[in-house]
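> Quick one, fold the following:
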Amino acid sequence: MSDPLDIGVLGYRFMGKAHANALDRLPMFFDDAPETNRHTIIGRDEEALAEAADTLGFQHTATDWREVVDEVDVFYNLGPNHLHVDPSIAALEAGTPVLCEKPLAPTLEGAREMHGAAQAADVPAACAFNYRFVPAIRYAKRLIDAGELGAIRQVRGRYLQDWLSDPDAPWSWRNDEEAAGSGALGDLGAHTVDLARFLVGDHAGEMKRISGHLQTFTEERPVEGSDETRPVTVDDAYSAQVEFENGAMGTFEASRVTEGHKNDHTIAVHGTEGSVEFSLERLNELRVMTGDNRGYETVLVTDADDPYVDHWWPPGHVIGWEHTFVHENYEFLSSVRDGTAFHPNFADAYEVQRVLDAVERSDANGAWVELD
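Residues are numbered from 1 along each chain as shown. Here you go, the predicted model:
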């Protein structure tokens with residue numbers, strides 16, 4: 001029995017709660033999961049930190065990540081995008097494994113620095129693309145890897161939300177280019193690009209040519225609690241066309257201003273022999289068309305031999321969004337304990353960042369962009 005892993009976490013709101021919940025669930029459902037100790041949670045507001053530590057089960061608090069990265073066994077960087085680069089690199093240089101939220105960095109330059117630090121470090125460096133750990137997505141990958149879809153021809157992905165549809169919705173760091181890097185492109189599109197690479201990368205190759213379009217519909221937003229407004233310097237929506245190395249084509253889009261869509265992440269893969277389609281809003285289902293079927297059948301991915309499902313409930317008893325973080329943490333922390341490779345790592349996330357950057361450059365230049 002190995003010693004518990006001391007976990008340090010930067011960030012205690014949305015993602016901090018999601019990962020703390022996952023750490024709490026691990027020993028209940030994964031018998032061979034590494035034992036963990038929620039050691040230190042990091043933020044700026046001492047009063048809010050103390051409350052978060054009590055709620056999320058952390059022993060200590062800190063207002064400076066520099067005091068923590070070399071004192072814990074694992075560092076979770078769940079802060080805003082502009083805080084991804086320096087703390088993650090410092091942790092890796094201290095020999096501390098890192099799990100960093102997506103996108104890897106606000107800019108390609110920052111992502112390149114993080115990728116370089118991960119290459120130089122002899123510890124796991126993970127990027128938190130949690131949708132890779134949905135059982136239905138893993139089931140889809142099994143079908144694709146087994147050749148059930150034949151040669152890959154098309155990949156279609158969309159990620160639609162509506163939380164910024166109201167032009168009076170308040171400004172936040174997610175509306176600021178310096179803090180976030182991009183808007184819907186990095187916030188949502190990064191997930192789609194990663195899933196596309198995960199599902200078809202071994203069969204269609206990398207994305208080699210991209211045409212992108214970005215649009216901002218609301219140019220400024222009110223600052224909550226004041227009469228001021230601040231400019232919106234990122235995109236509200238993006239679309240992209242992609243050519244893969246094998247000649248397959250991809251069409252991707254994301255928006256944070258599409259009325260009626262709360263968290264509509266859909267990805268479809270079409271081949272010469274069949275198709276699969278997944279929607280996050282129907283997380284336990286996969287639409288499949290293979291063989292002699294004349295159309296799609298809906299597969300409920302809840303059987304005991306489906307990916308990860310044996311750890312949860314009897315067949316037909318569905319799981320939810322929060323379970324993706326449990327699976328992600330199980331795989332990541334097991335790799336830390338066992339010294340094994342983990343994906344998606346910083347190299348994977350850097351490739352995603354190259355695509356995001358190409359979309360931005362294509363929009364700026366009004367032309368297709370080639371990726372080396």
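
> Which residues are in contact with Gly150?
Gly271, Thr272, Glu273, Gly274 (C-beta atoms under 8 Å, 6 or more residues apart in numbering). C-beta here means a position set from N, CA and C on the backbone, and glycine is covered the same way.

> On the three-state scheme, it is what?
With DSSP: H, G, I helix; E, B strand; the rest coil as the basis, Gly150 sits in coil.

> Relative to Met249, how far out is it?
Taking C-beta to C-beta, to the nearest Å as the criterion, Gly150 is separated from Met249 by 16 Å.

> Same check on Pro307?
For Pro307, the distance to Met249 (C-beta to C-beta) stands at 28 Å.

> What of Leu214?
From Leu214 to Met249 the distance is 20 Å (C-beta to C-beta).

> now do Gly43
44 Å.

> Would you mind telling me which of these two has the busier surroundings?
Between Gly43 and Met249, Gly43 has the larger neighbour count (other C-beta atoms under 10 Å), namely 20 against 16.

> surely His261 meets Asp162?
Yes: contact criterion C-beta atoms under 8 Å: His261 and Asp162 qualify, at 5.4 Å.

> who touches both of the two?
Counting by C-beta under 8 Å, 6+ apart, His261 and Asp162 have no common neighbour.

> What residues does the most centrally placed residue in the chain make contact with?
In the chain, the centroid-proximal residue (C-alpha atoms, centre = their mean) is Phe129; its distance is 2.6 Å. Residues counted as contacts of Phe129 (C-beta under 8 Å, 6+ apart) are Lys102, Ala190, His191, Asp194, Leu195, Phe198, Pro344, Asp348, Ala349, Val352.

> Present the residues you listed as JSON lines; the columns should include pLDDT.
Formatted as JSON lines, the contacts of Phe129 follow (pLDDT from 0 to 100):
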{"residue": "Lys102", "pLDDT": "97"}
{"residue": "Ala190", "pLDDT": "98"}
{"residue": "His191", "pLDDT": "98"}
{"residue": "Asp194", "pLDDT": "98"}
{"residue": "Leu195", "pLDDT": "98"}
{"residue": "Phe198", "pLDDT": "98"}
{"residue": "Pro344", "pLDDT": "98"}
{"residue": "Asp348", "pLDDT": "98"}
{"residue": "Ala349", "pLDDT": "98"}
{"residue": "Val352", "pLDDT": "98"}
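
> Dump those residues into CSV; add secondary structure as well.
Formatted as CSV, these follow (three-state DSSP):
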residue, secondary structure
Lys102, coil
Ala190, helix
His191, helix
Asp194, helix
Leu195, helix
Phe198, helix
Pro344, coil
Asp348, helix
Ala349, helix
Val352, helix
